[in-house]
Each structure stands twice: as C-alpha cells, then as structure tokens.
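Q: how does the following fold in three dimensions:
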Amino acid sequence: MSAPPHPNAVVLPAPIQVSPLIRFGRWAALGLGIVWGAVRLQQIKHYHADIREWEHEKAVAQAAKDAETKKWLAKDEMRYLMKVVNIPFEEGVAQFGVEDLYREE
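A: Numbering: from 1, shown residues only. Below is the predicted model of the structure:
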C-alpha cells in the first residue's frame, strides 16, 4: 500500500499536448539560430583579423618612427656632450664609442 502524499508536495497537472508542427517549428528555429550564429561568428572573425593586421602594421610603423627619433635624439645628445666637454667631434665619436650612431646608412 502506498503512503499518502506529503502535505507540502506540489501536485502538477498533466502536461499539455503540443502540436507536432509547433514542436518542429521550435526545433527548426533553434537550428536556424545556431547556423546563423556560426555564420555570423565567422564574419566577425574575418573582420577582426583585418583590424588586428592593420593595428599591427600601424604599431610596426610607429616603432620604426620611434627608433629613428631615439637615434636622432641620441645623436644630438652626444653632440651636446662633446660640445660641453670641449672634445673635437671625431675624437669624441671614437672616445665615446658611438661610431654606429654617426655611420651613414
């Protein structure tokens, strides 16, 4: 003999019967949403890959520009130091070991 249900037990009504056409429509919508999401993800990946490539090219160009600026500043600093110490330019270049700064490219 079964025990009576607990007084706090929730008694659910029988589930509603849903039309097979409606069920098919729901599953079809879910499938189409997944396919559309996958296609959209590929589009966004390609778009952002182009953006990352452009940003990388821009960063490389900026790094080259910064290196050139740093070289010019180092040249000016060495010239100023040689002037302050009162050393001739050729002798100062040899003495400070900065021949590579003044080598023509």
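
Q: can you give me the helices for this protein?
A: Here the chain has its helices, by DSSP state H, at 20-85, 89-96, 99-102.

Q: packing partners of the second one?
A: The helices and strands touching helix 89-96, judged by 3 or more Cβ pairs under 8 Å, 6 or more residues apart in numbering; DSSP states H and E, are helix 20-85, helix 99-102. No exception for glycine: its C-beta is placed from N, CA and C like everyone else's.

Q: and the angle for the longest one with helix 89-96?
A: Looking back up the chat, that one is helix 20-85. For helix 20-85 against helix 89-96, the angle by axes from the mean of the first three to the mean of the last three Cα atoms, to 10 degrees is 120 degrees.

Q: what is helix 20-85 packed up against?
A: Counting by 3+ Cβ pairs under 8 Å, 6+ apart, helix 20-85 packs on helix 89-96, helix 99-102.

Q: closest one to residue 33 among those helices?
A: Closest approach to residue 33 among the helices and strands packed on helix 20-85 is made by helix 99-102 (61.8 Å; Cβ to Cβ).

Q: how far is the closest one from where the chain is centred?
A: 37 Å (Cα atoms, centre = their mean, to the nearest Å).

Q: by contact count, what packs against that helix?
A: Helix 99-102 packs on helix 20-85, helix 89-96, going by 3+ Cβ pairs under 8 Å, 6+ apart.

Q: most tightly packed of the helices of the chain?
A: Across the helices of the chain, averaging neighbours per residue (mean count of other Cβ atoms under 10 Å) puts helix 89-96 on top, at a mean of 13.
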